[in-house]
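# need a structure here:
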Amino acid sequence: METRANYVLIGAFTLAVIAAAFGFVLWFQSLHTTKLRSPIRIVFEGPASGLRNGGSVNFNGIRIGEVVSVKLDNPRRVVALAMVENNAPIRKDTLVGLEFQGLTGVAAISLKGGEESAPAVPLDEDGVPMLTADPSALQDVTESIRATLQNVNRLVADNQESVKNSLRNLETFTAALARNSEKIDNVMLRVDGVMGKADSLMLGLNTIAGGAAGGELNLMVKSIRELAEDFDKRSGALMADGRRTLSDISRAVNNFDRNPTRVIFGGGSSNSQAAAPPPAPAPPARTPNGQKRQ
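All right, here's what the predicted structure looks like:
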């Protein structure tokens, strides 16, 4: 029991230390934020639709703070207190208005313009800087929203009959789909069958183009290549024989041109010997005694 109690105390102490660390971090962050920001009071002489606690404060479109509180000072005056960054270049002539973010209707305080040489924001009775919103800017925002809504309403009103016809056609189309649901199912089944056949065709083409055995198309291409190589070899040999034959014919033509009789009557060596005169007889040999030998 004592061991178990020690575990409980250690766990409780650990949780307390973690909670204290988180609390210190949050306190330090809030203190740091408080030092970097200062309050400013914005007065709206009229309605401030969409403005609420936690809303943004933007200077030239950049967020510099947030709204802390919004309250009614009188039936026609709205006072908003905001915390803004100390380095924000807010001056006495800075224009104040409202801008709406997206289609949610949430408004943000909009600060724009101001000269660097202009004096600082005047202080209220309690020492908090105070700016008054430009009524014309608020009126412009309201008028823009109202004009947009009027344009939408006018667009719907002008095309009311077209909208009705479109809705009626859509209803007719959906009813036709409901009536022909069985036919549509049959068509979809046929489409599925066609897709299955297409898949089979693609598989067959894949098998032809290249399969486990190399593919019929590859074998066909290989056979055509071998046939072309064999034809190339045979044509080369045939062309060599043709060249030799042409060379022999050319040689024969040249011989005929130089000695046509030789080509017509055969070899020319025997004829030349027959036409030549017989050789002269050799002189008789003499014996040692000076008589001629018969």
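# strands of the chain, residue ranges please.
With DSSP state E as the criterion, the chain has strands at 37-44, 56-59, 62-74, 77-85, 95-101, 106-112, 130-132.
# pick out the shakiest of the ones you listed, pLDDT-wise.
Looking at the strands of the chain, the lowest mean pLDDT belongs to strand 95-101 (a mean of 82).
# may I see the buried residues of that strand?
By neighbour count on 16 or more other Cβ atoms under 10 Å, the buried set for strand 95-101 is Val96, Gly97, Leu98, Phe100. In short, each C-beta sits where N, CA and C put it, glycine included.
# which strand residues bridge the first one?
The one in question is Val96. For Val96, the beta-bridge partners under DSSP bridges are Leu111.
# tell me how far it lies from Ile109.
7 Å (Cβ to Cβ, to the nearest Å).
# what sits in contact with each of those two?
Ile42 (Cβ atoms under 8 Å, 6 or more residues apart in numbering).
# quick one on the thing from earlier: can you tell which of the strands of the chain is closest to Val221?
Among the strands of the chain, strand 95-101 comes nearest to Val221, with 66.6 Å by Cβ to Cβ.
# what helices and strands are in contact with that closest one?
strand 106-112, helix 135-158 (3 or more Cβ pairs under 8 Å, 6 or more residues apart in numbering; DSSP states H and E).
# and with 6 Å instead?
When contacts are defined as 3 or more Cβ pairs under 6 Å, 6 or more residues apart in numbering; DSSP states H and E, strand 95-101 packs onto strand 106-112.
# buried ones in the strand it packs on?
In strand 106-112, counting by 16+ other Cβ under 10 Å, buried: Ala107, Ala108, Ile109, Ser110, Leu111.
# hmm, the fourth one is touching Phe100, no?
Spelled out, that is Ser110. No. When contacts are counted by Cβ atoms under 6 Å, Ser110 is not listed as touching Phe100 (9.7 Å).
# could you report the pLDDT at Asp140?
56.
# now the longest helix along the chain: average pLDDT?
In the chain, assigned by DSSP state H, the helix with the most residues is helix 216-258. Helix 216-258 comes out with an average pLDDT of 77.
# that one - contacts with which helices or strands?
Using 3+ Cβ pairs under 6 Å, 6+ apart: helix 216-258 touches helix 181-209.
# how many neighbours does Ala133 have?
22 (other Cβ atoms under 10 Å).
# what's it in contact with, if anything?
Ala133 makes contacts with Phe44, Val96, as judged by Cβ atoms under 6 Å, 6 or more residues apart in numbering.
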